[in-house]
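> how does the following fold in three dimensions:
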Amino acid sequence: MRRCIVLGLALGFVGCQRAAAPKPKALHVVLVTIDTLRADRLGCYGAREVATPRLDRIATEGALAVEASAHVPLTRPSHVSLLTGLLPTEHGIRDNVSPAVVPRVPLLAERFRENGFATAAFVSSIVLDSQSGLDRGFDVYSDRFEGSGGDAQFLSTVQRKGEDTVAEAVAWLGGQRGRRVFLWLHLYEPHDPYEPPEPYASRYAGRPYDGEVAWTDELFGRFEDALGSLGMRDATALVVTSDHGEGLGEHDESLHGFFAYQSTLRVPLIVRGPGVVAGRRLERPVRLVDIFPTALELAGLAPAAETSSGRSLAPTLRGGPEPEEATVYAETLVPLLHFGWSDLRVIREGRFKYIQAPRPELYDLRDDPGERQNLAPARPTQAQAMRAALATVLDGERRQRDASTEPGPSQELIERLGALGYVGGSGAAETGTPGADPKDKIEEFRIVNSLIREALVAFHAKDPALSAAKLQQVLARGISSFEVHYYLARALVAQGQAAEAGRHFDAAASHAPTHAAAWEGAADCRLRLGDREGALSRLRRGAEALPRDARLSAKLGELLRDAGHVEEAITRLRAAVELDPSVASYWNVLGMTLGGRGQLAEAERAFREAWRLDGRNQHHAYNLGLILLRQGRAAEARPYFEQALALDPRFAPARARLAEMGKRAG
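The predicted model follows:
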């Protein structure tokens, strides 16, 4: 195509030049995250003992980033960085049970949906269920897990088999013909415990992690085949990565989350799609936050420079030069948040990586990829310069300190995560190195983590005494963290020891004031002891720490009403229904409180909303009938009493009202 342009209007010269060819645009974007996948276990990254032919083929047909880095070696905060384009210092999610994502942070799915894409996510771990805060922007967010209905199936509820996740994702794709699609597929198989099916269990005997990787490659292949059979393969930008790696014994770390070495931070990043140059290799370090703007640009959408800390790799993937060296930030706050030891903060500039710790570490990753030779003592000037660069990042964190006031996760989720070793934490923590060096505490970490796991398993096996004994052993070691106090309090409650349990709930809340369950537990213990004012004090402090927690507001409102503080109760209950108008019980309690004050019209509106939200609850029907009756509208009230009785034929209040109305009518 040629176009003519005026070269000199005064002279009348007109010239022609060839217009730039339009950049190829992907109709669809598919993001695949394979949990706990080390880059060096894929053939395209040099592995020779693990067969990964399907992923290797994608790398041949597309591009591969040689040095891609996660920002946190934990599932949820890493995925938050990936789906927001923000560093953990910016989004405030530091572990797997931190409060939900700050509402003002846009997610990748939201950007696609607002541009007309059908959006869906299919996740395989409870760490990423809808409580994670990552479900915004998705038309479908599939997070159903096996056996989620009871304690007896406790450990089996935490994940979904990869073949089931893939099958559901493929079925959804099949129903989206004619629409542009953004799909996120999350596979959990390489995560501990490693249990590859046959033939991979036998083929990789003694190496179950490698067996899981090979099995995941087959699962990915099934999904990729479906893209082809649906006619979507060539029009799709396919991005494959991981949230973190696995220690596998390196630096004495078996799993992940405690240290910040490359064994758990280096991840694969493979991209194939329209315009992506086959065989392209990006040699310079890239980051998970770069995926956010890259995915948008590959789909031809506007960049997200105003919100993302990443930078688009799309020009490089299409054959352009590599961008300038990016500074890579990473962290783990597990030692600090869980055990009171030092946090670990990382900055990488090119081949050099600095780890801030009580004994700082400096590594040359080109000559020492296994991070065995600490250069910090021999190169103090370079170490100090990198520490100063890290301080710049952490200054940004301090400015974010007031970011999130979102409510924490449910106690059920906390307990399930704890049984997998996913214990701990509140939101942002102080920076620096205030405690013991984690390098000196790895053995104690193993012992303590094992005790906590055993305690949770014992609790769900209905043995709270054994659970409490295990946690008391942890406290005796000087570990005073949120999860230890919280789980110990739960075990003590189960044994009827409300006074002691209340003290541990208080300690848990002081460690993690953004976890509503700790405040609720503390209040419940005071009520059991007849201390209503003590309960009110805990709930007020919890509501102050979590002003957007609807459950805390509702619970506080109900207790205030019972204590005779009706005006304050109504204020709290109204706040609850504003924060979460989808919970019928909040509306019902509000209606009861308003009705008690004689505000009948407002009470009627509240009861009608409760009944609309939950038409299977006889109390909601009865209360609506009662408020109508109090307004002299007996004919309107009767059907609600009848519905309450139909829902529960033994519901005596409804039967009594109907009998009374019948008697009055003769």
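
> burial of residue 459, as a residue count?
26 (other C-beta atoms under 10 Å). Glycine gets a C-beta too; all of them are placed from N, C-alpha and C.

> swap in residue 195?
12.

> likewise residue 280?
Applying other C-beta under 10 Å, I find that residue 280 has 18 neighbouring residues.

> quick check: it touching residue 61?
No: counting by C-beta atoms under 8 Å, residue 280 stays clear of residue 61, with 10.4 Å between them.

> mind checking the SS state of residue 120?
Following DSSP: H, G, I helix; E, B strand; the rest coil, we place residue 120 in the strand state.

> ok, residue 30 next?
Quick answer, by three-state DSSP: residue 30 is strand.

> quick one: the spatially closest residue to residue 166 that is not a sequence neighbour from residue 240, how far?
Closest residue to residue 166 apart from its sequence neighbours, by C-beta to C-beta, 6 or more residues apart in numbering: residue 223 at 4.9 Å. Applying C-beta to C-beta, to the nearest Å, the value for residue 223 to residue 240 is 10 Å.

> now for the two: what residues contact both?
Common contact partners of residue 223 and residue 240 (C-beta atoms under 8 Å, 6 or more residues apart in numbering): residue 32.

> contacts only, for the residue nearest to residue 166.
32, 166, 169, 170, 185.

> the first one contacts residue 240, doesn't it?
To tie it back to what came earlier, the one meant is residue 32. Yes: taking contacts as C-beta under 8 Å, residue 32 lies within contact range of residue 240: 4.6 Å.

> list residues touching both of those two?
Common neighbours of residue 32 and residue 240 (criterion: C-beta under 8 Å, 6+ apart): residue 220.

> how is residue 504 assigned, secondary-structure-wise?
Applying three-state DSSP: residue 504 is helix.

> next up, the contacts around residue 56.
42, 43, 44 are the contacts of residue 56 under C-beta under 8 Å, 6+ apart.

> so for the second one, what's the pLDDT?
Yep, that's residue 43 we're talking about. Residue 43 is assigned 97 on the pLDDT scale.

> what's the burial count for it?
Around residue 43 there are 17 residues (other C-beta under 10 Å).

> and it, backbone torsions?
With angles defined as degrees, to the nearest 10, residue 43 sits at phi -60, psi -40.

> these two touch, right, residue 203 and residue 211?
Yes: using C-beta under 8 Å, residue 203 makes contact with residue 211 at a distance of 6.7 Å.

> quick one: which of those two has more around it?
Higher neighbour count among residue 203 and residue 211: residue 211, with 25 against 14, using other C-beta under 10 Å.

> next, format the contacts of residue 56 as TSV and append distance to residue 615.
Compiled in TSV, the contacts of residue 56 are given as follows (distance: C-beta to C-beta, whole Å):
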residue	distance to residue 615
42	52
43	57
44	55
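
> and which of those is nearest residue 531?
The shortest approach to residue 531 among the contacts of residue 56 belongs to residue 42, at 58.7 Å (C-beta to C-beta).

> hang on, that closest one packs against residue 49?
No: in this structure, residue 42 is not within contact of residue 49 by C-beta under 8 Å, at 11.4 Å.

> neighbour-wise, which of these two wins?
residue 42 (23 against 9).

> ok, the closest residue to the more buried one other than its chain neighbours - how many residues close by?
Among residues not flanking residue 42 along the chain, residue 52 sits closest, at 4.8 Å (C-beta to C-beta, 6+ apart). Applying other C-beta under 10 Å, we find 25 other residues in the vicinity of residue 52.

> what helix or strand is the residue nearest to residue 166 located in?
For residue 223, the host element (DSSP states H and E) is helix 208-229.

> kindly report the same for residue 48.
Using DSSP H and E, residue 48 maps to neither a helix nor a strand.

> from now on call the first residue 9
From this message on, residue numbering opens at 9, which makes the last subject residue 56.

> how much space between it and residue 359?
24 Å.

> okay, these two: which has more neighbours?
residue 359 (15 against 6).

> contacts only, for that one.
With C-beta under 8 Å, 6+ apart, residue 359 has these contacts: 372, 373, 374, 375.

> that one and residue 353: what is the separation?
Applying C-beta to C-beta, the value for residue 359 to residue 353 is 19 Å.

> name the helix or strand for residue 663, please.
helix 660-672.

> show me what that helix is packed against.
Helix 660-672 sits against helix 626-638, helix 642-655, with contacts defined as 3 or more C-beta pairs under 8 Å, 6 or more residues apart in numbering; DSSP states H and E.

> tell me which residues are up against it.
Against helix 660-672 from outside (C-beta under 8 Å, 6+ apart): 626, 629-630, 633-634, 637, 642, 645-646, 649-650, 652-653, 656.

> same check, this time on stretch 216-229
Identification of contacts with stretch 216-229 by C-beta under 8 Å, 6+ apart yields 40, 42, 45, 49-50, 57-63, 170-171, 174, 195, 197-199, 202-205, 208-209, 211-212, 248, 254, 256.

> got the angle between the helix holding residue 663 and helix 626-638?
30 degrees (axes from the mean of the first three to the mean of the last three C-alpha atoms, to 10 degrees).

> what about helix 660-672, average pLDDT?
Helix 660-672 comes out at a mean pLDDT of 91.

> only alpha carbons, please: show that helix as CSV.
What follows is helix 660-672, C-alpha atoms only, in CSV (Å, rounded to 0.1, in the frame of the first residue of the first chain):
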residue,chain,number,x,y,z
ALA,A,660,-44.3,-22.6,65.7
PRO,A,661,-44.3,-18.8,65.4
ALA,A,662,-45.8,-18.8,61.9
ARG,A,663,-48.4,-21.4,63.0
ALA,A,664,-49.3,-19.3,66.0
ARG,A,665,-49.8,-16.2,63.9
LEU,A,666,-52.0,-18.0,61.4
ALA,A,667,-54.1,-19.4,64.2
GLU,A,668,-54.4,-16.0,65.8
MET,A,669,-55.4,-14.5,62.5
GLY,A,670,-58.0,-17.3,61.9
LYS,A,671,-59.4,-16.8,65.3
ARG,A,672,-59.8,-13.1,64.7
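
> can you give me the helices in the stretch 9-158 of the chain?
61-69, 83-92, 96-99, 116-121 (DSSP state H, counting those that start in this stretch).

> could you flag which of the contacts of stretch 216-229 are buried?
The neighbour-count criterion (16 or more other C-beta atoms under 10 Å) marks 40, 42, 45, 49-50, 58-60, 62-63, 170, 174, 195, 197-199, 202, 204, 208, 212, 248, 254, 256 among these as buried.

> hang on, the earlier thing: for the contacts of residue 231, give me JSON lines that also has distance to residue 497.
JSON lines is the format used below for those (distance: C-beta to C-beta, whole Å):
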{"residue": "40", "distance to residue 497": "40"}
{"residue": "174", "distance to residue 497": "40"}
{"residue": "177", "distance to residue 497": "40"}
{"residue": "178", "distance to residue 497": "45"}
{"residue": "193", "distance to residue 497": "38"}
